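Q: Coordinates only, no sequence provided:
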């Protein structure tokens, strides 16, 4: 009997050694920012007018908002002029760059989705867009249904690809989907007649058309998905997420966002009702 009475205690000791405790929490982003005196920002080099490589370095609508987040992060860690270190990422590696800690925040055109939230967190929304198509103006294609028996290019692994394939499947539309590495390649494929259309987010397509300055290409007047953009950051870091959301909320509440929008999108008009509502809903009060 005495030996049996010791068995539960022995099992508890064995389990304590066999089952590992919770993994130690990683250092916070704000702590890393303070130690290096810099915030590391991931950006896309070819997503004009949101995130691109300009003549003076990274620029765009998303970059402008991220600079405000940098200012707020500097105040949070007590550094008046916090350095921003920009690291180019791609559509393929941007999520891993955030999850691995290579960048503190990714400021470009990332759609917030539940599946992506399994790997990264998102800030409050910064833009709302939808999937669209660029085609030659001489073509008959004016919507997804008219892609039947045609070819359409898209960057693989993007939410646009998923939405495009879903739209084709739901409409029982037989179209050949051609994968391209980036936006420029997709536009070039349309210009060269290799595909009938290139699919991406509409605001990115508008930017590409502005840069290309090719009167022979046009944007189809429809969209086949909703793409709510947010900035990606590491999961589980509530303090840094709060800093980012505070900066965004202040820009929305103060009306400063109107100036930022005008700078980058003024040539195509005012923000539509959906975008205005998004700003209002994400202008979190203090």
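A: That came through, no problem. Only a predicted model underlies this, so the values are computations on that prediction, with no experimental measurement involved.
Q: which residues in the protein form strands?
A: Under the criterion DSSP state E, the chain contains strands at 38-43, 46-47, 51-54, 57-59, 83-88, 105-106, 120-129, 131-136, 151-154, 176-179, 197-201, 217-219, 227-234.
Q: export these to JSON lines and tack on mean pLDDT and mean neighbour count?
A: (Glycine included, C-beta is placed from N, CA and C.) Compiled in JSON lines, the strands of the chain are given as follows (pLDDT from 0 to 100; neighbours: other CB atoms under 10 Å):
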{"stretch": "strand 38-43", "mean pLDDT": "98", "mean neighbour count": "24"}
{"stretch": "strand 46-47", "mean pLDDT": "91", "mean neighbour count": "22"}
{"stretch": "strand 51-54", "mean pLDDT": "95", "mean neighbour count": "20"}
{"stretch": "strand 57-59", "mean pLDDT": "97", "mean neighbour count": "17"}
{"stretch": "strand 83-88", "mean pLDDT": "98", "mean neighbour count": "16"}
{"stretch": "strand 105-106", "mean pLDDT": "98", "mean neighbour count": "27"}
{"stretch": "strand 120-129", "mean pLDDT": "96", "mean neighbour count": "23"}
{"stretch": "strand 131-136", "mean pLDDT": "94", "mean neighbour count": "24"}
{"stretch": "strand 151-154", "mean pLDDT": "97", "mean neighbour count": "22"}
{"stretch": "strand 176-179", "mean pLDDT": "96", "mean neighbour count": "14"}
{"stretch": "strand 197-201", "mean pLDDT": "95", "mean neighbour count": "27"}
{"stretch": "strand 217-219", "mean pLDDT": "91", "mean neighbour count": "18"}
{"stretch": "strand 227-234", "mean pLDDT": "96", "mean neighbour count": "24"}
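Q: So for residue 283, which of those strands sits nearest?
A: Nearest of the strands of the chain to residue 283, taken as CB to CB: strand 120-129 at 8.7 Å.
Q: before we move on, the earlier item: residue 263: which of the strands of the chain is closest?
A: strand 57-59 (10.2 Å).
Q: nearest residue to residue 157 other than its sequence neighbours?
A: Residue nearest to residue 157 in three dimensions, not counting chain neighbours: residue 92, with 5.8 Å by CB to CB, 6 or more residues apart in numbering.
Q: give me every residue that touches residue 54.
A: Going by CB atoms under 8 Å, 6 or more residues apart in numbering, residue 54 touches residue 60.
Q: Check the gap between the residue nearest to residue 157 and residue 195 for me.
A: Counting by CB to CB, to the nearest Å, the separation of residue 92 from residue 195 is 20 Å.
Q: more crowded one of these two?
A: Of the pair residue 92 and residue 195, residue 195 is the one with more neighbours under other CB atoms under 10 Å, namely 23 against 13.
Q: ok, that one touching residue 151?
A: Yes: look at residue 195 against residue 151 with CB atoms under 8 Å: they come within range, at 4.3 Å.
Q: which residues do those two both contact?
A: Taking CB under 8 Å, 6+ apart as the contact rule, residue 195 and residue 151 both touch residue 178.
Q: Could I get the pLDDT score of residue 48?
A: What the model reports for residue 48 is a pLDDT of 91.
Q: start the count at 839, not 1, going forward
A: In the new count, where the first residue is 839, that last one comes out as residue 886.
Q: residues touching the spatially closest residue to it that is not a sequence neighbour, list them.
A: Here the nearest residue to residue 886 in space, its sequence neighbours aside, is residue 1045; by CB to CB, 6+ apart that works out to 4.0 Å. Neighbour list for residue 1045: 885, 886, 887, 888, 890 [criterion: CB under 8 Å, 6+ apart].
Q: what residues are up against the last one?
A: In this case it means residue 890. Applying CB under 8 Å, 6+ apart, one finds that residue 890 lies in contact with 882, 883, 884, 896, 897, 898, 1045.
Q: For the stretch 889-1038 of the chain, which segments count as helices?
A: Secondary structure of the stretch 889-1038 of the chain (DSSP state H, counting those that start in this stretch): helices located at 899-915, 932-937, 997-1008, 1021-1029.
Q: so of these, which one's packed in deepest?
A: Neighbour counts averaged per stretch over the helices of the stretch 889-1038 of the chain are highest for helix 899-915, at a mean of 22; criterion: mean count of other CB atoms under 10 Å.
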